[in-house]
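**Student:** no sequence for this one, just the structure:
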């Protein structure tokens, strides 16, 4: 560990993002966290809305894209989720990739293999035109690489009516489970099939839009 | 609409769960909502933790199972998420199934096909032993149907150390997008491939645990 500064800047661990349950599954380096963010098609954005008797959390799925150390979201300025992020509320963005069903010999030790990331922070509206265009491109590229160069780019009116939010990747954690079930010692003697059924998100045959 | 009472009891629409963005994509009937909940392997649970300067939302992925009009979660009593639900905080449970990448002729109209559900409510700890056992069984069955009868059932100690939370399905909404891209009229003349790339979660070949 000769370069402590580099070590620190690469870690997104804070008190709030420290994995408490099963801490051995936690990771805080940007490489691990960014790979998970980049692979997931969507994230779930958590934010809070005040109401009569306290606060109500909402969790909304949305497309994201990462550029460097920033996560971007976009949508209509009518979206309550985006307006909340623009107003700088505390947010939690979670991404989960499922890798397998873990079938143990006991009901208790059934589990799933997964890779998840939790990001905490406050959003800001992207006003700068260049940054906004780069973010919009990145979101299309996140859905399918190479696509943004093939399609009609956003018009001035579309740029204006799209709200883009940036969330700095400064505080985050990854949590990963992989490998076979871990059973209690006596249960290994049971005559029960045990193992992992891999699961993955697979693309099917493209369906062309034949409109006109 | 001859049976207004039945109509009402089947709808989980409330002011808080009314879909605001693109309301035509919203649905509130139990059939639509339950089918999405049952198909998803995991959900994302949103809850709020007080901190010095306000409240911090957290969004945590977890396995769920539905029995009738109740959603169940389980895990260690050390889990902050489960302890928060036990304490009756306002929660938001969101499930998202991705069905396709929607490639439009313009960057602006790119989208995804999805089916999502948002459930609002407060949890309660399941104390009743029979209900707890039924919930634990249902969670194993949710992962893979027929499995709970094949494995060693939970021991008294495992039952004690597992916290089970019930969330009534009383307030919820579904949101669904399906079908081809919707482009602006002039863009249909562009020479750009457009359509849908279906995506789905697929099970691979089981990997047996060869421990011993």
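**Tutor:** Sure thing, it's come through. These numbers were taken from a predicted model, which means no experiment stands behind them.

**Student:** residue A:136 in helix, strand or coil?
**Tutor:** State at residue A:136, reduced to three classes by DSSP: H, G, I helix; E, B strand; the rest coil: helix.

**Student:** spell out, range by range, the strands that occur in chain A.
**Tutor:** Across chain A, reading from the start of the chain, the strands by DSSP state E fall at A:26-27, A:42-51, A:54-67, A:70-76, A:90-103, A:111-122, A:124-125, A:162-168, A:172-177, A:195-203, A:207-208.

**Student:** just the buried positions in the second one, please.
**Tutor:** Put plainly, it is strand A:42-51. Taking 16 or more other C-beta atoms under 10 Å in any protein chain shown as the basis for neighbour counts, the residues of strand A:42-51 that come out buried are A:42-48. The C-beta positions use only the backbone N, C-alpha and C, and glycine is treated the same way.

**Student:** that strand near chain B anywhere?
**Tutor:** Yes: Strand A:42-51 is in contact with chain B by C-beta under 8 Å from any C-beta of the partner chain, via A:42, A:44-48, A:51.

**Student:** and the residues you listed as TSV, adding pLDDT?
**Tutor:** Written out in TSV, the entries for these read as follows (pLDDT from 0 to 100):
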residue	pLDDT
A:42	97
A:44	98
A:45	98
A:46	97
A:47	96
A:48	93
A:51	77
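
**Student:** which one of the residues you listed sits closest to residue B:61?
**Tutor:** Looking at the residues of strand A:42-51 next to chain B and their distance to residue B:61, the nearest is residue A:44, at 8.2 Å (C-beta to C-beta).

**Student:** check contacts around that closest one.
**Tutor:** With contact taken as C-beta atoms under 8 Å, 6 or more residues apart in numbering or on different chains, residue A:44 is in contact with A:59-62, A:93-96, B:44, B:46, B:59, B:94, B:96.

**Student:** count the residues that sit near residue A:16.
**Tutor:** Neighbouring residues of residue A:16 were enumerated by other C-beta atoms under 10 Å in any protein chain shown; the total is 16.

**Student:** same check, this time on residue A:103
**Tutor:** Neighbourhood size, residue A:103 [other C-beta under 10 Å]: 25.

**Student:** may I have the phi/psi pair for the closest residue to it other than its chain neighbours?
**Tutor:** Spatial nearest neighbour of residue A:103, chain neighbours left out: residue A:194 (5.6 Å); criterion: C-beta to C-beta, 6 or more residues apart in numbering or on different chains. Dihedral angles of residue A:194 (phi, psi; degrees, to the nearest 10) stand at phi -140, psi 150.

**Student:** measure residue A:194 to residue A:167 for me?
**Tutor:** According to C-beta to C-beta, to the nearest Å, residue A:194 stands 40 Å off from residue A:167.

**Student:** ditto for residue A:52
**Tutor:** Using C-beta to C-beta, residue A:52 is found at 29 Å from residue A:167.

**Student:** equivalent analysis for residue A:58, please.
**Tutor:** Here residue A:58 is placed at a distance of 16 Å from residue A:167 (C-beta to C-beta).

**Student:** what's the answer for residue A:120, then?
**Tutor:** Residue A:120 sits 9 Å away from residue A:167, going by C-beta to C-beta.

**Student:** swap in residue A:93?
**Tutor:** If you measure residue A:93 against residue A:167 using C-beta to C-beta, the figure is 6 Å.

**Student:** pull up the overlap in contacts between those two.
**Tutor:** With contacts taken as C-beta under 8 Å, 6+ apart, residue A:93 and residue A:167 have A:71, A:119, A:121 as neighbours in common.
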